[in-house]
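In: The amino acid sequence is not available; the structure is as follows:
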């Protein structure tokens, strides 16, 4: 199975707040299912699995893609967990979302895959494209593209623009100034548990 297409609030109730997956807040504060209100104590494995699932659902990547990102993060210098978060945050669909052009990461992914976004003047329709410092990300110069982004900018997914990005709402043009810092990652997650989860698998 590729991307998750099921009920998003069910996932939010189970895993906690996922700012990239949905802007809605669940009415019930407990996990879904028959035993949602009286869950047993979770094992060490279950805790690590839950942290890994948060990454998967929030950024909309498959298990295969996430394993690939973990391997790439291991080869990078410094903390593996931090490198993993940086790789996921620097994806084009997430960058478009953080600039406010899409209300959620799935909405931003749709903008990218439908050819509404350009990188350095060229249309890029690959959501997993890795943005680099210096990249100029803009809305394609078409009425349809501009209308879509205008509508999304009225209700952005996250209010604060990260320090490594800049965005001009008048020209619909943004720029990547650097690599994202850990404190600007909106998802509440312990990335070390994700690295531990994959330590035996990868």
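Out: Sure thing, it's come through. These numbers were taken from a predicted model, which means no experiment stands behind them.

In: tell me the secondary structure for residue 118?
Out: strand (DSSP: H, G, I helix; E, B strand; the rest coil).

In: I should have written residue 45 there, sorry.
Out: Here residue 45 takes the helix state, with states given by three-state DSSP.

In: how much space between it and residue 182?
Out: Residue 45 sits 25 Å away from residue 182, going by CB to CB, to the nearest Å. (Each C-beta comes from the backbone N, C-alpha and C, glycine too.)

In: So those two - more neighbours on which side?
Out: For the pair residue 45 and residue 182, the greater number of neighbours falls to residue 182 (12 against 9), based on other CB atoms under 10 Å.

In: how about that one, what does it touch?
Out: Going by CB atoms under 8 Å, 6 or more residues apart in numbering, residue 182 touches 82, 85.

In: Now do it, the pLDDT please.
Out: Residue 182 carries a pLDDT value of 86.

In: same thing with residue 38?
Out: What the model reports for residue 38 is a pLDDT of 64.

In: same check, this time on residue 19
Out: Residue 19 carries a pLDDT value of 78.

In: any idea whether it is helix, strand or coil?
Out: Three-state call for residue 19 (three-state DSSP): coil.

In: can you map out the helices along this structure?
Out: 8-15, 44-59, 63-75, 80-89, 92-98, 105-113, 143-154, 191-199 (DSSP state H).

In: separation between the residue sitting nearest the centre point of the chain and residue 170?
Out: Closest residue to the average C-alpha location of the chain: residue 59 at 3.3 Å, with CA atoms, centre = their mean. As for residue 59, its distance to residue 170 is 29 Å (criterion: CB to CB).

In: that older thread, so the residue nearest to the centre of the chain is in contact with residue 92, correct?
Out: No: contact between residue 59 and residue 92 fails when scored by CB atoms under 8 Å: they sit 11.8 Å apart.

In: Tell me the spacing between residue 170 and residue 164.
Out: 21 Å.

In: Residue 195: what's it in contact with?
Out: Residues in contact with residue 195 (CB under 8 Å, 6+ apart) are 70, 73, 80-81, 84.

In: ok, so of these, who is nearest residue 201?
Out: Nearest to residue 201 among the contacts of residue 195, counting by CB to CB, is residue 70 at 8.7 Å.

In: before we move on, the earlier item: using CSV, lay out the contacts of residue 195 together with pLDDT, neighbour count and distance to residue 138.
Out: Formatted as CSV, these follow (pLDDT from 0 to 100; neighbours: other CB atoms under 10 Å; distance: CB to CB, whole Å):
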residue, pLDDT, neighbour count, distance to residue 138
70, 93, 23, 32
73, 93, 23, 29
80, 91, 20, 33
81, 91, 19, 32
84, 94, 23, 28
